[in-house]
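Engineer: here you go, sequence then predicted model.
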Amino acid sequence: MMEIKHTALAGTLESSDIQFTLSKGTGVEVNLDSQVEKQFGNQIRKVITDLLAAYDIKDVTVRAVDKGALDCTIKARLIAAIQRATDTKNQPNWEVLG
Amino acid sequence: MDIRTLNLKDPYYYQQWQDLIQSEGLFIENLDDITETLGIYEDDKLVATGSYYENVLKYLAIDPKFQGGNTFNQLVSTLINELANQNIFHIFVFTKPQYQQSFVYLGFQVVAQTEYSTLLETGDYSIEQYIEELPKVSGKNISAIVMNANPFTLGHRYLIEQASKVSDTVYVFVVAQDSSLFKTSERMALIKAGTKDLKNVQVVNGGQYMVSFVTFPSYFIKSRSDVAIYQTQLDAQVFKRIAKALKISKRFVGDEPYSPTTEIYNQSMQKILPPEVELEILNRKAIDTDIISATKVRRAISDSDLATIQKYVPETTFTFIKDNLQTLLRRINDGN
């Protein structure tokens, strides 16, 4: 299991991007703020929770402010936030990335 | 478009920055309350700027031609990332009510608002979390006092005692700001030690929500009196929100005949708090017409005048001062 060691941020608030703030929590909690919530809210949440599961992260509070990011952007930003929050920037998880 | 750090000590940058800030109707208070300033340039023209002090965003201004587009998002986002690099993730912004929505759109949440200004926050902490962490009590008459207690005197003791007599529980919110001579942890410990016999007193940390730099900068930085009015009203709104969650129905304050800032503060509270929260102003305790104040105690500390200190503070505070006199004197010399 991967542990969130400290709060970390990745991404921006610019158009077509998403900003993630990961902090310590109990269980997986995802707070999503998206302008396309109605159409894609559940899809975005699924991308987030699937990726957290792939990294075996069980306790985390995720804040996501979405500005219309595509799935690949969401994944890239979340991976960056996870690596920062778990202090594994130099040990990429190839299985997940592949 | 490129983003640069602006060195405001350089007259070239300062002039551009000042022009933009003033054209957007912002008032420059004090450059000492800025940690860093960023600017967005289109060619050689500064079109947007934003600064921060600790975890507070300020002086955000955008050229009208670039408003309503991505420039604002880029500016705020860059500031948030800059603070994240410094491991600061809980961020506040003070703004005019008409810009509230733009920040909400970027994931900020409103902490409190008045007709003149709004306080918003974002990141890994929030006022809801703060409220959740506070001890909850039951009872009918729940009251509150907010104090800095720098350090805890017989005057503070008197105020808490009066409140304690007429309340089921008294929350004492301690201003969390380490710019005081006594550190927050020391001030909290001295209040706890000095009120140990009063069983219905809950001493809690005021966090960033009680008369802090965030909600109340002019308390620490001298500024124009209307700025003080805006800020004290906002502070009172923040208090009201916390009071509601804790079922606090009364707030006690000591009167302050000599401080105009405190006078404005009390007036603002009188305007904002009722009817939900009643405000009661208590007279300061005096010893032979000599009003007790923490300022006098600090002055006596810098004079190493233990006899005077003993007159104004409870035994617990006195012992602490006596045992730590050298440390305190060093802090005074270091400019605290």
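Structural biologist: Perfect, I can see it now. Numbers count the residues shown, from 1 in each chain, chains lettered A, B, ... in the order given.
Engineer: of all of the stretch 101-250 of chain B, which residue lies closest to chain A?
Structural biologist: Distances from the stretch 101-250 of chain B to chain A, computed as Cβ to the nearest Cβ, single out B:G107 as the nearest residue at 3.5 Å. For every residue, glycine as well, the C-beta is placed using N, CA and C.
Engineer: can you tell me the element that residue falls in?
Structural biologist: Counting by DSSP states H and E, no helix or strand carries B:G107.
Engineer: cool, and B:S185?
Structural biologist: Element membership for B:S185, per DSSP H and E: helix B:184-194.
Engineer: so how far is that helix from its chain's centroid?
Structural biologist: 19 Å (Cα atoms, centre = their mean, to the nearest Å).
Engineer: and the pLDDT for the nearest residue to B:A236 once chain neighbours are set aside?
Structural biologist: For B:A236, the nearest residue in space outside its immediate sequence neighbours is B:I272; the separation is 3.8 Å by Cβ to Cβ, 6 or more residues apart in numbering or on different chains. Note for B:I272: predicted pLDDT of 93.
Engineer: and if you look at B:N336?
Structural biologist: At B:N336, the predicted lDDT confidence score is 51.
Engineer: again with A:I48
Structural biologist: In this model, A:I48 carries a pLDDT of 97.
Engineer: ditto for B:Y171
Structural biologist: You'll see B:Y171 listed with a pLDDT of 98.
Engineer: one step back: the residue of the stretch 101-250 of chain B closest to chain A touches A:Q35, doesn't it?
Structural biologist: No: using Cβ atoms under 8 Å, B:G107 is not in contact with A:Q35, being 10.8 Å away.
Engineer: of these two, who's got more company?
Structural biologist: Counting neighbours by other Cβ atoms under 10 Å in any protein chain shown for B:G107 and for A:Q35 shows that B:G107 has the greater number, 23 against 13.
Engineer: may I ask which helix or strand encompasses the nearest residue to the more buried one once chain neighbours are set aside?
Structural biologist: The shortest distance from B:G107 to any residue that is not its chain neighbour, by Cβ to Cβ, 6+ apart, is 3.5 Å, and that residue is A:V65. Secondary structure from DSSP H and E places A:V65 in strand A:60-66.
Engineer: state the distance from B:E29 to B:L20.
Structural biologist: Summarising the geometry, the distance separating B:E29 from B:L20, computed by Cβ to Cβ, to the nearest Å, is 16 Å.
Engineer: more crowded one of these two?
Structural biologist: More crowded of B:E29 and B:L20, by other Cβ under 10 Å: B:L20, with 20 against 17.
Engineer: beyond the longest helix anywhere in chain B, next helix or strand please.
Structural biologist: If you go by DSSP state H, chain B has its longest helix at helix B:225-246. Proceeding N to C from helix B:225-246, the next assigned helix or strand is strand B:250-254, under DSSP H and E.
Engineer: following element in sequence after that next one, please.
Structural biologist: Using DSSP H and E, the helix or strand that follows strand B:250-254 in sequence is helix B:260-272.
Engineer: can you give the contact residues for that next one?
Structural biologist: If you take Cβ atoms under 8 Å, 6 or more residues apart in numbering or on different chains as the criterion, helix B:260-272 is touched by B:114, B:218-219, B:225, B:228-229, B:232-233, B:235-237, B:239-240, B:251, B:253, B:255-256, B:279, B:281.
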